[in-house]
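Asks: Structure, please.
(one chain, ligands or ions: 2)
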Amino acid sequence: MRCPKCPGMLEPKTYGRKITVQRCTDCGGLFCKPEVLLEMKREWMADAVLDSGDPKIGQALNKLDNIDCPECGTRMEKSVDERQTHIWFEQCPACEGMFFDAGEFSDLKYDTFMDRVRGLLRGKRPG
Ligand SMILES: [Zn+2]
Ligand SMILES: [Zn+2]
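Replies: Ligands and ions are numbered 1, 2, ... in the order given. Reported below is the predicted structural model:
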């Protein structure tokens, strides 16, 4: 598949037994389905292995709007993570495929982990 954001190609990358994402050879962007994203959030270190692109390139490409789904060609829509409103990604309304720029998935996973830690700390604070 062709990368929706740059001239690179999306190639399958596998982590563990259940996780396969499509990663761009050039910009490091990741394309996956929601169920795969859930698995990736559960797997420790999946982000470090799979999201190996340069976050600086990802940030620049994040400004690119109006991309088409690499799988089915449908115009993708900007979505925001419901818990982390600074993270924007593209989602396909037809096949639910999601595209993350390089560094975005690590951000998503790391912040989710840190939010949980902060929640625990808050719970322990006296008064
Ligand atoms: Zn790319
Ligand atoms: Zn699609």
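
Asks: show me what contacts Asp81?
Replies: Ile87, Phe89, Leu108 (C-beta atoms under 8 Å, 6 or more residues apart in numbering). The C-beta positions use only the backbone N, C-alpha and C, and glycine is treated the same way.

Asks: with these in mind, which one is nearest to Leu10?
Replies: Phe89 (15.1 Å; C-beta to C-beta).

Asks: Let me know how buried that closest one is, in neighbour terms.
Replies: 21 (other C-beta atoms under 10 Å).

Asks: can I assume it sits in a strand?
Replies: Yes - according to DSSP: H, G, I helix; E, B strand; the rest coil, Phe89 belongs to a strand.

Asks: which residue packs closest to Asp54, ignoring adjacent ones?
Replies: The shortest distance from Asp54 to any non-neighbouring residue, by C-beta to C-beta, 6 or more residues apart in numbering, is to Ala102 (5.7 Å).

Asks: How about the residues of this protein by ligand 2?
Replies: Cys69, Glu71, Cys72, Thr74, Cys92, Ala94, Cys95, Gly97 (C-beta under 5 Å from the ion).

Asks: Which among these count as buried?
Replies: Cys69, Glu71, Cys92, Gly97 (16 or more other C-beta atoms under 10 Å).

Asks: okay, the residues you listed in JSON lines with pLDDT, secondary structure and distance to Lys41 next?
Replies: Conversion of those to JSON lines gives the following (pLDDT from 0 to 100; DSSP: H, G, I helix; E, B strand; the rest coil; distance: C-beta to C-beta, whole Å):
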{"residue": "Cys69", "pLDDT": "97", "secondary structure": "coil", "distance to Lys41": "22"}
{"residue": "Glu71", "pLDDT": "97", "secondary structure": "coil", "distance to Lys41": "21"}
{"residue": "Cys92", "pLDDT": "97", "secondary structure": "coil", "distance to Lys41": "19"}
{"residue": "Gly97", "pLDDT": "96", "secondary structure": "coil", "distance to Lys41": "17"}
